[in-house]
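Enquirer: what's the 3D shape of this:
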Amino acid sequence: MSMNKLYDTPKCKDLIYDIGMHKGEDSIFYLQKGFRVTAFEADPDLARLCRNRLKEYIDRGEVTIVEGAITNLDSIETGQKVQFYKNLDDSVWGTICVDWAERNTRLCTSSKLLEVNVIDFVSILQQHGIPYYMKIDIEGVDMVCVNVLKLFRERPDYISIESSKTRFTNIKREIDALVELGYDSFQAVEQSSIPYSQSPPYPAKEGSYVDQAFEFGSSGLFGSEIGGRWKSKREILRQYRVIFLAYYLIGDDGIMNQWKFRGSSTIRALTNSFLKLLTKTTVPGWYDTHARHSSVDAGKV
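Expert: Coordinates of the predicted model:
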């Protein structure tokens, strides 16, 4: 399709996409707040669990579960399958990306290789509409969903993605792609601290108020309920430079984790404390980038 001719699919202000629904933790929160949900899950066992867990919402037509994997546009063919690495030790780490599966192996987890259906994400957007908020967490393929939005005239008011932990240049590409789509305000939200650092505000700023205690692995608050100060492109990249210092030193493949000499554990502990002072959160942690579109009236949020 020519980039000069965009799809005119309407935006639905009551709709949220939960891309990577896992066990339905986020979908249930969105549904309780009064939003409709279109949810995506590649792991067939998790999709089955969610169909049971969300049955009452499915029966009322409030949620649709799309089972399969989202992959690059040029990989989509009718009836095509894709290899999915189902993580047997940490269900949230399922992925179609070989390099992510290799990282999971280095972190002492094991995977089972499955074949799953490929989702035509463009067709789903055309069928269900552009959502108000698009939460994306699909282990290495988040930017495929973001880049698909270039084909559409309307854009979600808010997007969140699980940001890269491997290279700062990847983060910059992610932010640049969001800016190209019209997003101009950003927040980096550390995910592991959400169960004890976030609670829904009262009165609610998004949908209905929910007295929610977030489960570990939940994406947490979204949109105008995140709180904190929204940052410019320059400011968010400055923040991520500090975060990536933590990744580089004590992250999954951090250089200090390889140290075995006497006193190395003390040096790591001191480094951890110093980085906590810089980032003011859990170190090294993992981060979602939340983006707000320029069309949103910041004075009303």
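
Enquirer: tell me the contacts of residue 111?
Expert: Residues counted as contacts of residue 111 (Cβ atoms under 8 Å, 6 or more residues apart in numbering) are 85-88, 94, 101, 104-105. (C-beta placed from N, C-alpha, C; glycine too.)

Enquirer: try residue 294
Expert: 182-185.

Enquirer: got a markdown table for those residues, with pLDDT, secondary structure and distance to residue 59 too?
Expert: What follows is the contacts of residue 294, written out as a markdown table (pLDDT from 0 to 100; DSSP: H, G, I helix; E, B strand; the rest coil; distance: Cβ to Cβ, whole Å):
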| residue | pLDDT | secondary structure | distance to residue 59 |
| --- | --- | --- | --- |
| 182 | 98 | coil | 37 |
| 183 | 98 | strand | 36 |
| 184 | 97 | strand | 40 |
| 185 | 98 | strand | 38 |
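
Enquirer: looking at these, which one is closest to residue 68?
Expert: Nearest to residue 68 among the contacts of residue 294: residue 183, at 26.9 Å, using Cβ to Cβ.

Enquirer: wait, that closest one touches residue 290, no?
Expert: No. Contact criterion Cβ atoms under 8 Å: residue 183 and residue 290 do not qualify, at 9.6 Å.

Enquirer: what do these two both touch?
Expert: residue 159.

Enquirer: which stretches in the protein count as strands?
Expert: 11-19, 36-41, 63-67, 69-70, 81-87, 111-119, 130-136, 158-162, 183-190, 287-293 (DSSP state E).

Enquirer: can you check which of those strands gets nearest to residue 5?
Expert: strand 130-136 (16.6 Å).

Enquirer: which residues are in contact with the closest one?
Expert: Contacts for strand 130-136 (Cβ under 8 Å, 6+ apart): 9-20, 26, 35, 38, 142, 145-146, 152, 154-162, 219, 222-223.

Enquirer: same check, this time on stretch 62-75
Expert: 19, 21, 27, 31, 36-42, 44, 47, 50-51, 54, 57-58, 82, 84, 96, 116-119, 121-122, 124, 128, 138, 141, 144-145, 148.
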